[in-house]
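Novice: Quick check, what structure comes out for this input:
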Amino acid sequence: MTDPQLRSVISERRQLINLAYRLLGSLAEAEDVVQETYVRWYALSERQRHEVAVPGAWLTTVAGRICLDLLGSARARRERYVGEWIPEPIPGHSEWFGGPGPADPADRVTLDESISMAFLVVLDSMTPAERVAFVLHDVFRYSFAEVADVVGRTPAACRQLASSARRRIDTSRGPSSAQRSDVVRDFKRAWETRDIEALIGLLDPTATATADSGGLAPAFRQPIIGGEQIAHAWIEIAARGPEITLLERTVNGQPGLVAQLADTIVSVYAFDIADGRITRIWAIRNPEKLRPWTVG
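Specialist: Numbering: from 1, shown residues only. So this is what the prediction gives:
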């Protein structure tokens, strides 16, 4: 018998992908969470499913709880991770899989300010409960009563969690997309021409560069601190590494770069920019995190 709720249940998939990615910082894990959520839905008896007044709310609650459990075990997993861990980068919709996007639009992640690499990195510094409470309430606009059902705490406690998380978020207005594009384009040009002075000029003196290889690709293990130090490191990368093609791409909704070797994307670069200078560079080299960027 066809499930009469099938259409409404399946229509929640994109919302669940968006939620799980923001909570976990991993598209692969987000997809696993959504799959497990649907498994649990169809593990219910037909009578139990019909008793669920709002299937979307049920699915969100289950997905949120699965994410909360995964976040709780993430610390132990990170301790075993080789080098620095950076959230998995997401391409712009036109760049998914080197083509027009996922076959199923429901698999796309909505690109907005809550998806930027800087935002995700701050989220990653929060406790699991803070992160879930903040994302559900401030990003997805769930009430604290609904958040409490996911987190397993009182609405008042969830309000405090979200407030604590909110204090870590930089709410100052950043540069426009056009301004970011100009800075990233200038950085690309300076890197390609190995113009050390231009690179230094584009980097904030206190800038930080972090690489994530997971031990599966060559990369510097410790963050590089200082604009001049980063500029020299990037010149060394250009001099020592294989000949790559740098392409301007949308990375987590903002201007970024990808490095292509033959038909393979080997690095994705995300940037944080303030006052016309680059303050953070995130270099993702772990091939397992570059799956959505595969060309061809």
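Novice: Going by C-alpha atoms from here, please, whenever you check contacts or count neighbours.
Specialist: Fine.
Novice: Could I get the phi/psi values of Arg277?
Specialist: Taking degrees, to the nearest 10, you get phi -130, psi 150 for the backbone angles of Arg277.
Novice: which residues does it bridge with?
Specialist: For Arg277, the beta-bridge partners under DSSP bridges are Ala274.
Novice: contacting residues around it?
Specialist: If a contact means Cα atoms under 8 Å, 6 or more residues apart in numbering, then Arg277 has Val183, Gly201, Leu202, Leu203, Asp204 as its contacts.
Novice: Looking at it now. What's its pLDDT?
Specialist: At Arg277, the model reports a pLDDT of 97.
Novice: ok, it to Thr206 distance?
Specialist: 10 Å (Cα to Cα, to the nearest Å).
Novice: Among the contacts of Arg277, which one is most surrounded by other residues?
Specialist: Leu203 (26 neighbours; other Cα atoms under 10 Å).
Novice: On the strand side of things, show who that one bridges to.
Specialist: According to DSSP bridges, beta-bridge pairing links Leu203 with Ile278.
Novice: Would you verify that Ala207 is located in a strand?
Specialist: Yes. Assigned with DSSP: H, G, I helix; E, B strand; the rest coil, Ala207 falls within a strand.
Novice: Quick check, Tyr81 in contact with Gly214.
Specialist: Yes. Here Tyr81 reaches Gly214: they are 6.2 Å apart, a contact under Cα atoms under 8 Å.
Novice: ok, these two, which is more surrounded?
Specialist: Gly214 (22 against 14).
Novice: who are the neighbours in contact with Trp282?
Specialist: Contacts of Trp282 (Cα under 8 Å, 6+ apart): Ile86, Ala209, Thr210, Ala211, Asp212, Tyr269, Ala270, Phe271.
Novice: Show me which of those is closest to Arg285.
Specialist: Nearest to Arg285 among the contacts of Trp282: Asp212, at 5.7 Å, using Cα to Cα.
Novice: burial count for the closest one?
Specialist: So Asp212, with other Cα under 10 Å, has 29 neighbours.
Novice: mind listing what the residue found closest to it once you drop the neighbours it is linked to in the chain touches?
Specialist: Take Asp212 and drop its neighbours on the chain: the residue closest to it by Cα to Cα, 6 or more residues apart in numbering is Ile284, 4.9 Å away. Going by Cα under 8 Å, 6+ apart, Ile284 touches Ile86, Glu88, Pro89, Ala211, Asp212, Ser213, Ser267, Val268, Tyr269, Leu290.
Novice: State the distance from the fifth one to Val121.
Specialist: Using Cα to Cα, one gets 13 Å for the distance from Asp212 to Val121.
Novice: Now the lengthiest helix in the chain: buried residues?
Specialist: With DSSP state H setting the assignment, residue counts place helix 55-80 as the longest helix in the chain. Neighbour counts using 16 or more other Cα atoms under 10 Å place 55-56, 58-68, 70-71 of helix 55-80 among the buried residues.
Novice: Contact partners for Pro128?
Specialist: Taking Cα under 8 Å, 6+ apart, one finds Leu68, Leu71, Gly72 in contact with Pro128.
Novice: hmm, back to that, report the rounded mean pLDDT for the longest helix of the chain.
Specialist: 92.
Novice: I would like the residues contacting the helix or strand just after it, please.
Specialist: Downstream of helix 55-80, the next assigned helix or strand under DSSP states H and E is helix 117-124. Residues from elsewhere that reach helix 117-124, judged by Cα under 8 Å, 6+ apart: 22-23, 25, 86-87, 89, 113-114, 131, 168-169, 252, 270-272.
Novice: Would you list the buried entries among the residues you listed?
Specialist: Taking 16+ other Cα under 10 Å as the criterion, what is buried in those is Arg22, Leu23, Gly25, Ile86, Pro87, Pro89, Ser114, Arg131, Asn252, Ala270, Phe271, Asp272.
Novice: For the residues you listed, could you give me TSV that also reports pLDDT and distance to Val151?
Specialist: Formatted as TSV, the buried ones among the contacts of helix 117-124 follow (pLDDT from 0 to 100; distance: Cα to Cα, whole Å):
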residue	pLDDT	distance to Val151
Arg22	96	16
Leu23	96	13
Gly25	94	18
Ile86	96	25
Pro87	96	22
Pro89	96	27
Ser114	84	20
Arg131	96	10
Asn252	95	27
Ala270	98	31
Phe271	98	32
Asp272	96	31
